[in-house]
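> Turn this into a model:
(chains A and B)
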Amino acid sequence: QKEVEQNSGPLSVPEGAIASLNCTYSDRGSQSFFWYRQYSGKSPELIMSIYSNGDKEDGRFTAQLNKASQYVSLLIRDSQPSDSATYLCATSTGGYQKVTFGTGTKLQVIP
Amino acid sequence: DGGITQSPKYLFRKEGQNVTLSCEQNLNHDAMYWYRQDPGQGLRLIYYSQIVNDFQKGDIAEGYSVSREKKESFPLTVTSAQKNPTAFYLCASSIRQLDSPLHFGNGTRLTVT
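So this is what the prediction gives:
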């Protein structure tokens, strides 16, 4: 079992719709969770971070964390073509702060 | 401007040669990381370091080596023992705090033929 799992996609949504990206993790010791966006050929950039159960909103983005279910999600409201990218879920674990990434979900926003 | 510098951007080597990828940061971050990314794949952790002169193996450390002699620098050597070295290599750093996000360099694309 992979430590961090994501559906590889592609996930296609029409412009203006809500995109829902999901991630599950296996290590119950994971304490911090991150969503990064990566455009093709570029390095990842941070979208959201979340540490507590519940929802965290930042503009068009909402991260949701459920530690009991070992599940974290990212909602993108009013999706734009510029949101088309690969979204990487990551967890931070342990005293040595090991940061593990999922394989990413490719999002396509159709104009 | 503070940031992470990886050099070179593109690197070509012949099979059987060791090659060292540079990573320098001026963010005063304690923690540094090396990841490998293959086409269409996520990031896989090679090595990471929380403090000078200390580092831990990640999930795919075989065939790689690192050093952390200075806080600002975390070079990665890809040895001839690495069977499939062609990949996109990303260096990152963060504050030494569990909830601190990673800051990435622009990456080095290594091609071995």
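
> Below-threshold pLDDT in chain B: ranges please.
Applying pLDDT under 70 to chain B picks out residues B:1.

> Show me which residues of it sit near chain A.
B:31, B:33, B:35, B:40-45, B:48, B:50, B:56, B:58-59, B:90, B:92, B:94, B:96-102, B:104-107 (C-beta under 8 Å from any C-beta of the partner chain). To be clear about C-beta, it is placed using only N, CA and C from the backbone, and glycine gets the same treatment.

> Which ones among the residues you listed map onto strands?
B:31, B:33, B:35, B:43-45, B:48, B:50, B:56, B:90, B:92, B:94, B:104 (DSSP state E).

> Neighbour count for those - can I get that in TSV?
Below are those laid out as TSV (neighbours: other C-beta atoms under 10 Å in any protein chain shown):
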residue	neighbour count
B:A31	20
B:Y33	25
B:Y35	29
B:L43	28
B:R44	17
B:L45	21
B:Y48	24
B:Q50	18
B:Q56	15
B:L90	25
B:A92	26
B:S94	23
B:F104	23
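
> how deep is the closest residue to B:W34 other than its chain neighbours tucked in, by neighbour count?
Excluding the flanking residues, the one nearest B:W34 by C-beta to C-beta, 6 or more residues apart in numbering or on different chains is B:I46, at 4.3 Å. B:I46 has 26 neighbouring residues, counting by other C-beta atoms under 10 Å in any protein chain shown.

> next one: stretch A:22-39 to chain centre, how far?
Distance of stretch A:22-39 from its chain centroid, counting by C-alpha atoms, centre = their mean, to the nearest Å, is 7 Å.

> okay, how far is it across it, tip to tip?
18 Å (C-alpha to C-alpha, to the nearest Å).
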